[in-house]
Every structure is written in C-alpha cells, then in structure tokens.
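Undergrad: what's the 3D shape of this:
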Amino acid sequence: MALMSKRERLLSVLAGKPLDRLPIAFWRHWPGDDQYPESLAAAALDFQQRYDLDFIKLPVSSTYTVTDYGVKHNYQGSLIGDRVYQEYVIKNVSDWARIKPLDINLGTYGWHLEALRMVVKQKETETPLVVTMFNPLSVAAYLAGDETFLAHLRGYPEQVEPALKALAETGATFARAAFDAGADGIFLSTRFASFELMNQPEYQRFGRPGDLAVLQAAKNGWLNILHLHGQHPMLAQLADYPVQVINWHDRTTPFDLTQGSQLFRGILMGGIEQYQTLRFGSPVDVKVQVIDAIRQMNGKRLIVAPGCTYPLDVPHANLLALRKAVESPG
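TA: Okay, the predicted model is just below:
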C-alpha cells in the first residue's frame, strides 16, 4: 500500500479503512518551555518532527487553566514535568463566588491561542493538531487543591456548582477558539472520572454536564480524544461521550484494550505502559507491548500510544523503538 499522509492515516483508522500502518503518538511535558508561546510552539513542532508522530498534541501545563485566576505555581523538578501548585485561590467556601468565565483572548489563555496559531502556521499541512484541555472538575481542583475542592463540593454543592458552570463556559469558549485557530481536535483530560476520587452519582451530577458542554463546543473536531486519568476509570460510564478516541492507562487498570473495545465503539489509544516499560524496559520490551496491543485489537481501531504523559527520563532508544515498532510489528 502507498504511504499515507498523517491525516489520511488517522481518517482511515477512524473509518475502519485499510491502513499502511497504525497511527502512533506519545507526549511529554516541557517544563519551563511550556510557560511562553514561542518555546511551547517550538517544543511541539520539534518533538513531532523528531519522531514523525501522527499528530501534534500541544504540550501544555495544566496551570494554564488557573493562572489567570491568581493561582501561583512553579517547577520543582518533577520527573513527569508537572508544575507544583504553591498557592490556591479557593480557601473558603465563599471564594467560589469569585469564579467567573474568563476572556480567553487575554492572559494565559490568550497566549496559548497565540502558541496554537504559531504551530498551525509552521506545521506540515497534513499533520493534525490536538489541543490539551482539562475538564471543569479538574480545573476546580487546581483552584482549591483536591482535598478542599472535594470537601466543598460534597458539603456545599450549591456554592460550587455555579463556579463549575463558569469553568465549563470558559472551556467551551476556548475550545471554539482553538478550532477557529486551526485545531483538529481536543484532548480532554477528566482526572476525576475515576472511582478512587468520585462515585458514579457524583460524577453524573458534577462532572458530566461540564464535560458535555466542552465537547459540544468541540463538535466540529474530527479527532477529539477523551483521556480518563486514574487507576479505576469510569470507562463504561463515559463510553457514550461524543468523541472519536478514548485513551486511558490500559496496562495498569481493570480494562485492557480488548475489554475497552467492547465498551467503546470508536478508536482506542493506548497499549504502552509509560512508567515502567517505557522508562525502565529495553527497546525489545517496548516492541513486545506494541505487538501485543496490535494483537488485542486485531490491527484495527487503535492508535498506538502510552496511557498518559511519559516521564522526562525515558530513554531515546525506547522512544525510537516505539515509533519503529508500528512500521514492522511482526
């Protein structure tokens, strides 16, 4: 079969059509570089080109969602590349009343749109671009810290829910602006859609409305990805979300790719364990997981990828092995 463009390859896997090879993606954080539009755009472009990945995932820090509210943060050497939240803006229940929708053309949201436009302008036309977003529950926790957020949500829901609606409005506005700027999809991270943090009725009430508001704003995207974070994901409960792709920690959670494929009818993105195999294993170990992932999915409905962001010290040799494995998985 003739070599496909990246867009053709992804559209073909979405449509269940024959492929020259399965698509592949992986991603990491770029601490420091993720705080400025020029360096964020350069990191995204250089990384995709270095490994010839099938789409660009704008490598944002989660802090972009709350900096404009006054949250303080810095980088302290995390191997994942995450920044540390130093000072939250929600301390008392009454503080939630101050959370209003943001103007996404200003401040941190605004320069992320600027970075997005830089990537669109400089990338290859046939390389799709996905923008990382964090759902309203996640953003609310970044404003308050997990413990305070959950205590307030469970004890004073009527105080917190208007803030969640405001965060959903900001997210929806940002999603529409991202598509106007040339994005092909969003990567929506839903950290609280996991049973170690919430139960199903709680997520149904507090999480689902905001998620769907953002996804409705992203309805024109053809490569929208739902990321389920955590070790007990609500995969069955969120499998009806209007997205083309679902990604989760399939190697370490109760649902492997085979089981996930029975719950979600779209494309699965995963197959690689990023904290042990990709970080400490050999290139052969990495290729073995790729082969197994392809076997689980019968060579269809799969984007080969890790379950989440990989650590900064993953060997280059393992990333090369991961990339090359989709070329000749046998």
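Undergrad: what separation is there between residue 226 and residue 116?
TA: 20 Å (CB to CB, to the nearest Å). The way it works is simple: take the backbone N, C-alpha and C, and place the C-beta from them, glycine included.
Undergrad: more neighbours: these two, which one.
TA: Taking other CB atoms under 10 Å, residue 226 and residue 116 do not tie; residue 226 has more neighbours (27 against 24).
Undergrad: that one and residue 185 touch, don't they?
TA: No: counting by CB atoms under 8 Å, residue 226 does not reach residue 185; the two are 10.6 Å apart.
Undergrad: and residue 103, how many neighbours?
TA: Residues near residue 103, counting by other CB under 10 Å, number 11.
Undergrad: so what's it up against?
TA: 109-110 (CB atoms under 8 Å, 6 or more residues apart in numbering).
Undergrad: A helix includes it, no?
TA: No: read with DSSP: H, G, I helix; E, B strand; the rest coil, residue 103 is coil and lies in no helix.
Undergrad: mind checking how far it is from residue 202?
TA: Going from residue 103 to residue 202 by CB to CB gives 31 Å.
Undergrad: what of residue 35?
TA: Distance of residue 35 to residue 202, computed by CB to CB: 33 Å.
Undergrad: more crowded one of the two?
TA: Set residue 35 next to residue 202 and count neighbours by other CB under 10 Å: residue 35 wins out with 19 against 16.
Undergrad: so that one touches residue 61, yeah?
TA: Yes: checked against CB under 8 Å, the pair residue 35 and residue 61 is within contact range at 7.2 Å.
Undergrad: tell me how many other residues crowd the closest residue to residue 126 other than its chain neighbours.
TA: For residue 126, ignoring the flanking residues on the chain, the nearest one in space by CB to CB, 6 or more residues apart in numbering is residue 5 at 3.9 Å. Using other CB under 10 Å, residue 5 is surrounded by 15 other residues.
Undergrad: tell me which stretches of the stretch 101-250 of the chain form strands.
TA: Secondary structure of the stretch 101-250 of the chain (DSSP state E, counting those that start in this stretch): strands located at 129-134, 185-190, 225-228, 245-248.
Undergrad: closest to residue 237 out of these?
TA: Distance to residue 237, taken as CB to CB, is lowest for strand 225-228 among those, at 9.8 Å.
Undergrad: partners of the closest one, with directions?
TA: Using DSSP bridges, strand 225-228 pairs in its sheet with strand 185-190 (parallel), strand 245-248 (parallel).
Undergrad: of those strands, which is nearest residue 234?
TA: So among the strands paired with strand 225-228, strand 185-190 is nearest, using CB to CB, at 8.2 Å.
Undergrad: distance of the residue nearest to residue 126 from residue 128?
TA: Distance from residue 5 to residue 128, counting by CB to CB: 10 Å.
Undergrad: got it, and residue 312?
TA: In terms of CB to CB, residue 312 sits 25 Å off from residue 128.
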